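Enquirer: Here's a sequence, model it:
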Amino acid sequence: MTHSLELIWHLIKRDFHLRYTGSALGVLWSVLVPLFHLSVLVFTFRNMVPVGIEDYPAFVYSALLPWTWFSSSLSSAGYLFFSHRDLVRRPLFSPWMLVVMNTASYLLTFMLSLPLLQLLLILYGRPIYWNVGALLLLMAIQAMLTTGLGFIIACWNVFYRDIAQLVSLLLSFLFFLTPIFYRPVGGGWYRELLTRHPMAFLIAGYRAVLFDGKAPGMDMLITSAFFSIAVCWLGYFIYRRLLPDVIDAL
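Expert: Numbering: from 1, shown residues only. Predicted coordinates:
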């Protein structure tokens, strides 16, 4: 187990190095990209189409950070086995480490961006009373969900190269169905659609902890946890079933 953790940590460092090698700003891009997205959303929904939400930049950023972790991990999952095919083919290497590494690598980026969120909260005069236990639990739930989906995407994209493109389209669609830059209002079926999918539950939990300084709802945590565990198990099951064929295809 210790050897596996050391190897995963080595893969994370290698991933960071390869991702930003040759870049003048290096790892700063991992923080600048979410800030750029934040600037676009704030300009659009505070000036052009005002939504009337107090402390709007901090409101958006508290949800944009976990969403960026989720979407970046899934967008890159489809190419994991291709870009590391030499490792996948090695008899003594366990390819599941690549999926875990991918999730953990973008989790590290998420954590590096949290001080910027704290700075935004301070600038808007909001108290920082983060429930660390609840935050860690949300991160663990999201890590299971992202890893399970990563297993499915990484395996299926070996056989069907359209999967990675389809995932990008679905993530773009899901972004607008997730209350990141707005609060769901009104009622009806569309409110259920906006608030009842797994990432909407998690985003609401993160916003409660990071923006409002409150604990997330227990029913939301339990529902998200059970769903994420099921997805993680399903993803690993698919990975184990398809691994011999994946290695042959590569």
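
Enquirer: what's near enough to touch Gly205?
Expert: Residues near Gly205 by CB atoms under 8 Å, 6 or more residues apart in numbering: Ala134, Leu138, Pro216, Gly217, Met220, Leu221, Ser224. For glycine as for every other residue, the C-beta is placed from the backbone atoms N, C-alpha and C.

Enquirer: Would you mind measuring from the fourth one to Ile128?
Expert: If I follow you right, that is Gly217. In this view, Gly217 and Ile128 are 21 Å apart by CB to CB, to the nearest Å.

Enquirer: do the second one as well
Expert: Note on Leu138: its distance to Ile128, by CB to CB, is 17 Å.

Enquirer: Looking at the two, which one has more neighbours?
Expert: Leu138 (25 against 10; other CB atoms under 10 Å).

Enquirer: Test my guess that the more buried one contacts Met220.
Expert: No. With contact defined as CB atoms under 8 Å, Leu138 does not reach Met220; the gap is 9.6 Å.

Enquirer: residues in contact with the residue nearest to Leu117 when sequence neighbours are not counted?
Expert: Computed as CB to CB, 6 or more residues apart in numbering, the closest residue to Leu117 that is not its neighbour in sequence is Tyr61, at 5.4 Å. Contacts for Tyr61 (CB under 8 Å, 6+ apart) come out as Pro34, Leu38, Leu116, Leu117, Leu120.

Enquirer: Please identify the helix or strand for Tyr61.
Expert: Using DSSP states H and E, the element containing Tyr61 is helix 56-77.

Enquirer: swap in Leu5?
Expert: Using DSSP H and E, Leu5 falls in helix 2-20.

Enquirer: Name the next helix or strand downstream of the helix holding Tyr61, please.
Expert: Remark: after helix 56-77, the chain's next helix or strand is helix 80-83, criterion DSSP H and E.

Enquirer: That following helix packs against which elements?
Expert: Applying 3 or more CB pairs under 8 Å, 6 or more residues apart in numbering; DSSP states H and E, we find helix 80-83 packed against helix 96-123, helix 132-159.

Enquirer: most tightly surrounded among the ones you listed?
Expert: helix 132-159 (a mean of 21; mean count of other CB atoms under 10 Å).

Enquirer: tally of neighbours for the residue nearest to Phe110 when sequence neighbours are not counted?
Expert: Among residues not flanking Phe110 along the chain, Trp69 sits closest, at 4.2 Å (CB to CB, 6+ apart). Using other CB under 10 Å, Trp69 has 24 other residues around it.

Enquirer: So Trp69 versus Tyr124, what's the distance?
Expert: Where Tyr124 is concerned, Trp69 sits at a distance of 23 Å (CB to CB).

Enquirer: same check, this time on Met218
Expert: Spatial separation of Met218 from Tyr124 under the definition CB to CB is 28 Å.

Enquirer: So which of those two has more stuff around it?
Expert: Neighbour totals were compared for Met218 and Tyr124, and Tyr124 leads with 13 against 8 (other CB under 10 Å).

Enquirer: The more buried one contacts Tyr56, doesn't it?
Expert: No. Using CB under 8 Å, Tyr124 is not in contact with Tyr56, being 9.2 Å away.

Enquirer: What residues sit buried inside the longest helix seen in the chain?
Expert: Ranked by number of residues, the top helix in the chain under DSSP state H is helix 218-249. For helix 218-249, a neighbour-count test (16 or more other CB atoms under 10 Å) marks 220-221, 224-225, 227-228, 231-232, 235-236, 238-239, 242-243, 246-247 as buried.

Enquirer: which of those residues sit farthest apart?
Expert: Pairwise distances across these peak at 39.3 Å for Met220 and Ile247 (criterion: CB to CB).

Enquirer: Spatially, what comes nearest to the residue nearest the centre of the chain if we skip its sequence neighbours?
Expert: By CA atoms, centre = their mean, the chain has its centre lying nearest to Phe70, at 1.6 Å. Nearest non-adjacent residue to Phe70, counting by CB to CB, 6+ apart: Thr146, 5.8 Å away.
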